[in-house]
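Colleague: sequence and predicted structure are below.
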Amino acid sequence: MPVRPTFPGVYIEEVPSGVRTIVGVATSVAAFIDYFARGPMNRAIQIFSFADFEREFGGLDIDSEASYAIQQCFLNGGSEAFVVRVGRVDPVTGPTFDAAQIDLQDETPANSLRLTAGRLIKGVSVEDPGTWGNFVRADVDYDTTDTANLFNLTLSEVSPFGTRPVLRTETFRNLTMTPALPNVPTFVEDVVNEGSRMVQVQTLGALRPAQTGTVGDPLVPATLTAMIAPFQLNAQLTGDIVRPITLARAPVGPNPAADARGLLETALQGANPLDSRYTGATVQLVGGRLRVLTGRAGDPTVPGSAFDPGIMITFTEVGAGNIAADLGLLGVPPNVQQYSLGGAAAGFQLNPVAGSNGTLPADLPAATDIIGVRANKTGLFALEDVDIFNILCIPRAANLTAPEPFNVYSAAEVYCLERRAFLIVDIPFNIDTVPEMKDFLDTNSGLRSRNAAVYFPRLRIADPLNQFRLRDFAPSGTMAGLYARTDNDRGVWKAPAGIDATLRNVNELRYVLTDPENGTLNPLGIDCLRTFPIIGTVSWGARTLDGADVQASEWKYLPVRRFALFLEESLYRGTKFAVFEPNDEPLWSQIRLNVGAFLQTLFRQGAFQGQTPRQAYFVKCDKETTTQNDINLGIVNILVGFAPLKPAEFVIIKISQIAGQIEV
C-alpha cells in the first residue's frame, strides 16, 4: 500500500510492475479408460512410467487392450498419463467384481479386525476389487514395546506363480486397537489406512487379532529345566503325516525359555529334510511364549512343498511323555501361518470374500460403464478430478458391439471439446481393408470432429503374455506416445507425422497400404500408417476428423487444432489475474503486455507463420474491443489472432529439360 510519510526521511515503496508471466500448459498428457486387473475403480490415477502402471494397475493383462496401449505410449515417448479403471456394473445385480476380504479374530476368540484389499485416496477409503487381493498375506505378532497390548502387522503381496515369491511388503509396528490409548498414537485404522497401498482395516472388536502361527502358553522356567528324557513330541502340518520331533536335551542356562526356543527350532528343521516347510521353520520367543512358523519358500517339484497360508501346525505328546505340555504347546489352538485375504476360513480367520474380476471376457466393461455418470464421477467423468489432460484413448470402445463404439466415442468427443482435449478414435479389429475403412467412417460420420483423429490400419505387436506371438492392437496408445515425442522434440505445432514419426515396438501393420490407396483415404480425413523400406513404420497423415477436403474446415490439420487448444488453455489459465481488476486502460495494457510476451516467446520458437511478429500474431485489448457497455456488464474482451503453421502435406517437384535456354 502507499507509504504515508510522517517524519522527514527516505521512504521505500514497492510498486507492482504489472508483469504476470503466462506459462504454456502441457500438451501431451494422455488419459486411458479401460478394464485393468487391479487398481481403484473410477478414479483417475496419475502415472509417469510403465513401472508406475505396473505397481498401480498390475501391468499387462491379456483382457485389457489399454494395458498394452499404455506400454506403447511410454515406449513411443509419453511421459505422463492418467489411468481410469472401469468394470462391468449390472443394472440389476450391481458390480460383477469383488474386493478380497477377511475377518480376523482375537485369542478369545471373538471378532477383532477386518482386512479389505484397498487404499486411501484423497481421504476416501477405496476398495481395489480383483483377484490380485487373493494374494495379499498378513502376519500378526506381539513382539512390540508392550507385548500385553500392542501388535505388529506385516502385509505382503505374493506372486501367483511358482513358489509365490514376495512382490512387496509393508510393516506397521506397535499398533493398538484403542483410538485413545495414552502415549500410543498408533491406532490401527489411522496408521494402516493412511499408510498402506494394499489393504484397508476396520476394527470389529476391542482386542488385537491373534498372532499368526502356533502360539503356545506362557513358559515356566522351572518346568523347562526339570524336563525328563526322552525329549520327544509330535508335530503335524495340515495335509501331512505326524512327524516325530526330538529335542537334543533339556533346556539349560540362565534363560531356559530362550534355550528351549533354539532346541525346538533345530528339531523342527530336521523333522523332514524333503519338505521346506520344516527345513525353513522358525521358532520365536515373544512375551514368554513360543511362536512356531513353518517355512515359506517351497520347491514346486516336491508335492505339497509350496507354502500355503492355510497351513497350521499341531503338537501332541509321544506316549506318556509331557514335553509338548512343558513347552506350552499342548492343546493350544493352532492358527494359520499367514492370514490370506480371500483365503478359506481356518484358525482365527473367518468370513473370507474372494477377490474377483468377474467372469472374463464376458464381464468386461460395456459402453455405459466406460461413459459413466457425471454426477458420480464414474467412467469417463472420473477425469473431472484431473487438472489437465490433452489426449484421450479408449481402446476398449473399438471392441464393443455396434452401436456401442459410436456411443462411447460420441460422448468422449463432447467431453474433449469441453476440456480442450484431443481424442484418438480406434477402429474395430475387423476393419482391415480400405473399403471397410471407408464404410466404417461413412456409417459413423457423426464422429467427425475437430478434436478427434482416426488412424488406419491397426497394428500388430508381439505379445509377451502369449510367447511373443503377434497380436492385433489399436494404434491410439502408440500415437499418444508419438504426439508426446513430437511435442517434446519439435513443439505441438509440428505434425506428428513424417519419416521422423516412427512407431516404436510395432512389428508390422494389419494392412499394407499403397500410395493410391493412401490417396483415397487422406482426402477423407483418415490418417494412414505406412511402412517404408529402411525408414520403417511411420505415421503418414496429420488430419483431424474434421479434415475431409469437402468440409473445407479451418481445423483440417491436426497440429493446427492441437496448437490452438494449447493456446486456448494457456491463455485461459494465464489471464485469470484480470478477474475483478478495474476494467480500464491500466488492466488492458497489462493484458496486452503479458499475452504479447507469451506469444512472442512462441514466435521465437518458430510456432507461427511470418517473418515478423506483426505477420505472426496480434493481441488487441482496448476501448475498441471493450466498449462502455461491456464495462458496465463487467466484461473485458481480448482479441488474439495467430498465423498457424500448416504441414507440407504434398511436396511437388517440377522438372523440365533445358534446351538451350539461357537462365536469367
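Modeller: Structure received. Numbering: from 1, shown residues only.
Colleague: please make it C-alpha for all contacts and neighbour counts, starting now.
Modeller: Will do.
Colleague: next secondary structure after the worst-scoring helix or strand of the chain on mean pLDDT?
Modeller: Of all helical and strand segments in the chain, the minimum by mean pLDDT, DSSP states H and E falls on strand 124-127, at a mean of 68. Remark: after strand 124-127, the chain's next helix or strand is strand 136-141, criterion DSSP states H and E.
Colleague: quick one: low-confidence ranges for the stretch 301-450 of the chain?
Modeller: Applying pLDDT under 70 to the stretch 301-450 of the chain flags the ranges 301-307.
Colleague: equivalent analysis for the chain, please.
Modeller: 1-2, 122-125, 181-182, 297-307, 660-664.
Colleague: how's it carved up into domains?
Modeller: Domain assignment for the chain by automatic domain parsing gives 30-89+362-560, 101-212, 217-319, 591-664.
Colleague: in CSV, list the ones you listed along with distance to residue 20.
Modeller: Putting these into CSV (distance: least, CA to CA, whole Å) gives the following:
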stretch, distance to residue 20
domain 30-89+362-560, 21
domain 101-212, 32
domain 217-319, 61
domain 591-664, 6
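Colleague: do you have the strands of the stretch 51-200 of the chain handy? List them.
Modeller: For the stretch 51-200 of the chain, the strands defined by DSSP state E, counting those that start in this stretch occupy 81-85, 89-90, 94-95, 101-105, 111-121, 124-127, 136-141, 151-158, 166-175, 199-203.
Colleague: save these as TSV, and put in mean neighbour count too.
Modeller: Shown next, in TSV, are the strands of the stretch 51-200 of the chain (neighbours: other CA atoms under 10 Å):
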stretch	mean neighbour count
strand 81-85	26
strand 89-90	16
strand 94-95	12
strand 101-105	25
strand 111-121	23
strand 124-127	17
strand 136-141	22
strand 151-158	20
strand 166-175	16
strand 199-203	23
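Colleague: make JSON lines out of the ones you listed and add distance to residue 343.
Modeller: Formatted as JSON lines, the strands of the stretch 51-200 of the chain follow (distance: least, CA to CA, whole Å):
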{"stretch": "strand 81-85", "distance to residue 343": "25"}
{"stretch": "strand 89-90", "distance to residue 343": "25"}
{"stretch": "strand 94-95", "distance to residue 343": "21"}
{"stretch": "strand 101-105", "distance to residue 343": "8"}
{"stretch": "strand 111-121", "distance to residue 343": "12"}
{"stretch": "strand 124-127", "distance to residue 343": "17"}
{"stretch": "strand 136-141", "distance to residue 343": "9"}
{"stretch": "strand 151-158", "distance to residue 343": "13"}
{"stretch": "strand 166-175", "distance to residue 343": "17"}
{"stretch": "strand 199-203", "distance to residue 343": "15"}
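Colleague: contact partners of the helix ranked longest in the chain?
Modeller: Looking across the chain with DSSP state H, the single longest helix is helix 585-604. By CA atoms under 8 Å, 6 or more residues apart in numbering, the list of residues contacting helix 585-604 from outside reads 18-23, 571, 575, 578, 581, 608, 613, 616-623.
Colleague: just the buried ones out of these, please.
Modeller: For the contacts of helix 585-604, a burial check counting by 16 or more other CA atoms under 10 Å picks out 22, 571, 575, 608, 613, 616-622.
Colleague: now go through these and say which are in helices.
Modeller: 571, 613, 616.
Colleague: if we can go back for a sec, just the buried ones among the contacts of helix 585-604 now: which is nearest residue 650?
Modeller: Of all these, residue 650 sits closest to residue 608, with 19.7 Å by CA to CA.
Colleague: so what sits opposite residue 105 in the bridge?
Modeller: residue 111 (DSSP bridges).
Colleague: I'd say it and residue 351 touch.
Modeller: No - contact criterion CA atoms under 8 Å: residue 105 and residue 351 do not qualify, at 10.6 Å.
Colleague: mind listing what's buried in stretch 542-554?
Modeller: Buried, per 16+ other CA under 10 Å, within stretch 542-554: 542-548.
Colleague: please export the C-alpha coordinates of it as CSV.
Modeller: Listed next in CSV are the C-alpha coordinates belonging to stretch 542-554 (Å, rounded to 0.1, in the frame of the first residue of the first chain):
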residue,chain,number,x,y,z
ALA,A,542,-1.9,-35.3,-40.0
ARG,A,543,-5.6,-34.5,-40.4
THR,A,544,-8.4,-34.3,-37.9
LEU,A,545,-11.8,-36.0,-38.4
ASP,A,546,-12.9,-32.6,-39.5
GLY,A,547,-10.3,-32.6,-42.2
ALA,A,548,-12.0,-34.1,-45.2
ASP,A,549,-11.4,-32.0,-48.3
VAL,A,550,-15.2,-31.5,-48.9
GLN,A,551,-15.6,-29.9,-45.5
ALA,A,552,-13.0,-27.1,-46.1
SER,A,553,-12.6,-26.8,-42.3
GLU,A,554,-10.2,-24.3,-40.8
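Colleague: what does it rub up against?
Modeller: So stretch 542-554 is contacted by 447-454, 495-497, 522-527, 555-559, 561, 647 (CA under 8 Å, 6+ apart).
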